[in-house]
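Peer 1: okay, predicted coordinates and the sequence, questions at the end:
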Amino acid sequence: MYDTATLRNRAQSLLALKAIDRVLYATKANPNASIVQLLQAEGVGMECVSRGEIENVLAALPQLQPSNILFTPNFAPRHEYVWALQSGVQLTIDNLFVLQQWPELFRGRELFIRIDPGTGRGHHEHVRTAGQASKFGVPLAEGAQLKQLAASIGCTIIGLHAHTGSGIFDIDNWVQTAHQLAGLAAQLGTVRTLDLGGGLGVPDGADLSTLDLGKLDEALLSFKQAHPSLALWIEPGRYLVAESGVLLARVTQLKQKGDHAYLGVATGMNALIRPALYGAFHEIVNLSRLTEAHTQLYDVVGPICESGDVLGHGRQLPPSSEGDVLLIGTAGAYGHSMASHYNLRQIPDELLI
Ligand code: LLP
């Protein structure tokens, strides 16, 4: 279930940032057509990472000019670049290989380049997308080579992009990225836009820190005073949609094994893989027993045939019964979009209220 008021609220809080010229939505967080439509109507642009995501956005928003979509593929096959250039989306290159091996594709084109600023951040190793151990981006140190390559091909680098990771609360991340990209922009001479990526953290039960958007705005405003010719973009996914969504599932069975009490629900890692994949914390509430005392410790598990199919370990909940409805919180980002048919179980339906 998604709450449209929360979606609008999060979009408005980012659109209100004075330092940011454009907010894009990383649709990988949740490509639901109604969410894409709602965010676009608020004034948010779209960022996509595959042909499938672009086609999904264009199906939801048939009036949208493809040039308003930022396409940031990574290790995609050549034909996806050919298709993207024909369709008119704004392409981001994240590997010099692409320019070296397929120069004929890019002659006369205006390109964004994804830069690896060197240090990845984020809530889990899997989501840190900078530094040598991550496969993303052109290392900052390859700036001179990039400039020479662009000149020899005859393409123009109009934007620089960096996304260091996901679930970040330290505003230095975006401020530092802005300064690093500005240094390279000065070297290249043709850059008009810096896209500072997404990664804006959302508080959960395990880490109740919040992101101070006011401070971020202030810091980036002073950056802009020093660099008035550069437009600043951001492209969050999680921040826009995570808190608007909850997963609802009925209790199926209970089991006691020694001192472990298991509370089973009708869907699990097939619907929300984040706890299994990243050890992510999602609040769990028994909606059928809101006023009852939380006197029982449960591992809340799904029906998937893996021991990792746990939505929450050791949760203090009211003693629960078959048929109760449990709510699993903060499921609007990377929930449905990462869901699978594993065990040939159904992916949950989606509903906006
Ligand atoms: N831009 C680029 C180029 C990205 O790769 C990503 C996320 C974003 C923007 C949006 O990041 P966000 O604002 O949502 O943190 N499945 C993981 C998150 C993986 C994010 C991958 N890239 C999770 O559930 O935590």
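Peer 2: Ah, there it is.
Peer 1: run a quick neighbour tally on the closest residue to the ligand within the stretch 51-200 of the chain.
Peer 2: The ligand sits closest to G198 of the stretch 51-200 of the chain, with a gap of 2.7 Å, by C-beta to the nearest ligand atom. The C-beta positions use only the backbone N, C-alpha and C, and glycine is treated the same way. G198 is flanked by 26 other residues according to other C-beta atoms under 10 Å.
Peer 1: please apply the same query to K224.
Peer 2: Neighbours of K224 (other C-beta under 10 Å): 19.
Peer 1: and Q86, by the same measure?
Peer 2: The local packing of Q86 (other C-beta under 10 Å) involves 9 other residues.
Peer 1: and the residue of the stretch 51-200 of the chain closest to the ligand, how far from L211?
Peer 2: G198 is 12 Å from L211, where distance means C-beta to C-beta, to the nearest Å.
Peer 1: so what sits against both of those two?
Peer 2: Residues touching both G198 and L211 (C-beta atoms under 8 Å, 6 or more residues apart in numbering): Y239.
Peer 1: surely the residue of the stretch 51-200 of the chain closest to the ligand is in contact with E235?
Peer 2: Yes - contact criterion C-beta atoms under 8 Å: G198 and E235 qualify, at 4.9 Å.
Peer 1: overlap in contacts of the two?
Peer 2: A26, H163.
Peer 1: what does the protein have sitting close to the ligand?
Peer 2: When proximity is defined by C-beta under 6 Å from any ligand atom, the chain lies next to the ligand at 26, 29, 47, 72, 127, 129, 163, 166-167, 197-200, 235-239, 274, 278, 333-334.
Peer 1: swap in 5 Å and give it another go.
Peer 2: Contacts of the chain with the ligand, taken as C-beta under 5 Å from any ligand atom, map to 26, 29, 72, 127, 163, 166, 198-199, 235-238, 274, 334.
Peer 1: list the contacts of the closest residue to the residue of the stretch 51-200 of the chain closest to the ligand other than its chain neighbours.
Peer 2: In this structure, G198 finds its nearest non-sequential neighbour in P236, 3.8 Å apart by C-beta to C-beta, 6 or more residues apart in numbering. By C-beta under 8 Å, 6+ apart, the contact set of P236 is L14, V23, Y25, A26, G198, G199, L200.
Peer 1: quick one, grab the pLDDT at D207.
Peer 2: Looking at D207, its pLDDT stands at 60.
Peer 1: with the one 3 residues further on instead?
Peer 2: T210 carries a pLDDT value of 87.
Peer 1: same check, this time on T119
Peer 2: As predicted, T119 sits at a pLDDT of 86.
Peer 1: residue farthest from the centroid of this structure?
Peer 2: G258 (39.9 Å; C-alpha atoms, centre = their mean).
Peer 1: circling back to that earlier point, ok, now how distant is the residue of the stretch 51-200 of the chain closest to the ligand from I157?
Peer 2: G198 is 21 Å from I157, by C-beta to C-beta.
Peer 1: could you do L208 as well?
Peer 2: Separation of L208 from I157 (C-beta to C-beta): 40 Å.
Peer 1: what residues does the residue nearest to R345 when sequence neighbours are not counted make contact with?
Peer 2: Among residues not flanking R345 along the chain, N270 sits closest, at 4.9 Å (C-beta to C-beta, 6+ apart). Taking C-beta under 8 Å, 6+ apart, we find N270 in contact with G302, I304, A339, S340, H341, Y342, N343, R345, I347.
Peer 1: and the strands in the stretch 101-250 of the chain, which stretches?
Peer 2: 110-116, 121-122, 138-139, 156-161, 165-166, 193-195, 231-234, 247-257 (DSSP state E, counting those that start in this stretch).
Peer 1: ok, which of those comes nearest Q63?
Peer 2: strand 231-234 (21.4 Å; C-beta to C-beta).
Peer 1: partner strands of that closest one, parallel or antiparallel?
Peer 2: Here strand 231-234 is paired, per DSSP bridges, with strand 22-26 (parallel), strand 193-195 (parallel).
Peer 1: and of those strands, who's closest to D204?
Peer 2: strand 22-26 (18.6 Å).
Peer 1: which residues are contacting that closest one?
Peer 2: 11, 14-15, 17, 36, 39, 43-47, 49, 70, 195, 198, 231-237, 240-241.
Peer 1: distance between that strand and the chain's centre?
Peer 2: 10 Å (C-alpha atoms, centre = their mean, to the nearest Å).
Peer 1: export it as PDB, just CAs?
Peer 2: The C-alpha trace of strand 22-26 is given here as PDB (Å, rounded to 0.1, in the frame of the first residue of the first chain):
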ATOM      1  CA  ARG A  22      16.400  19.700 -10.800                       C
ATOM      2  CA  VAL A  23      15.200  16.700  -8.900                       C
ATOM      3  CA  LEU A  24      15.100  13.400 -10.800                       C
ATOM      4  CA  TYR A  25      13.500  10.200  -9.500                       C
ATOM      5  CA  ALA A  26      15.600   7.000  -9.700                       C
END
